[in-house]
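S.K.: output the structure for:
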Amino acid sequence: MKNFFFLILFVSSSIGYSQIVRENELQKKIEDGANLMALGKYDSAQMLFQYVLQNMEKLPSEMAYFFGRNSFHLGKYKQSINWLNKYIQLKGTKGMYYEPAIQYLQYAEDEYLRIQRSQAEQFEEDLESAEYDCGGLEKMLCPVCHGSGVVVQAGIFDEVYKTCPYSLGEGYLSCEEYNLFMRGDLEPKLKN
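M.R.: Numbering: from 1, shown residues only. Next up is the predicted model:
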């Protein structure tokens, strides 16, 4: 029985020791990643940080800062915003990296918004210059009345039916008119 007790004690202490060694190894990878990031080797730092994320059971809060800052340098602005916010939530104003976290958070948010605005402008340009393929058809269903020729509006007591101002009750637009409508350039044929 005594030998069994010592065997259990030995196995549990071995497991505990190997966990400590493993945690120290992962903590060293975080430090190495931070050093690589400081040297501008962001891709190498990213590989170390991702290894730690996948293998460490409980991440230290500074990992959120390092990963968020490195993500900014890699142009992953949304990811950067998420991780830097997480660091600030965890550590608050007392965190060792609070000031640079706020600074990089602002940088990431500015870049993210700039990209969003640029994409929206590009989308508008594409939409304005787009030529819709009518598939060889001479006429397309009117997008306002959906082919019915009438537009239904809510009145005081009941619904009011009016002739579609774009299709003049026909329910269809020519391919040219359809393209003008889709670009926002088609004026209603009927003024209400």
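
S.K.: burial measure for the residue nearest to residue 97 when sequence neighbours are not counted, as a count.
M.R.: Taking CB to CB, 6 or more residues apart in numbering, and ignoring the residues beside it in sequence, residue 97 has residue 65 as its nearest neighbour in space, at 4.3 Å. In short, each C-beta sits where N, CA and C put it, glycine included. Using other CB atoms under 10 Å, residue 65 has 25 neighbouring residues.

S.K.: ok, now residue 134?
M.R.: When neighbours are counted by other CB under 10 Å, residue 134 registers 15.

S.K.: same check on residue 29?
M.R.: Residues lying near residue 29 (other CB under 10 Å) number 17.

S.K.: what's the distance between it and residue 48?
M.R.: For residue 29, the distance to residue 48 (CB to CB, to the nearest Å) stands at 5 Å.

S.K.: now that residue 85 has come up, it's in contact with residue 105, right?
M.R.: Yes: between residue 85 and residue 105 there is a contact under CB atoms under 8 Å: 6.8 Å.

S.K.: what touches both of these two?
M.R.: Residues touching both residue 85 and residue 105 (CB atoms under 8 Å, 6 or more residues apart in numbering) are residue 68.

S.K.: and residue 180, what does it touch?
M.R.: Taking CB under 8 Å, 6+ apart, one finds residue 186 in contact with residue 180.
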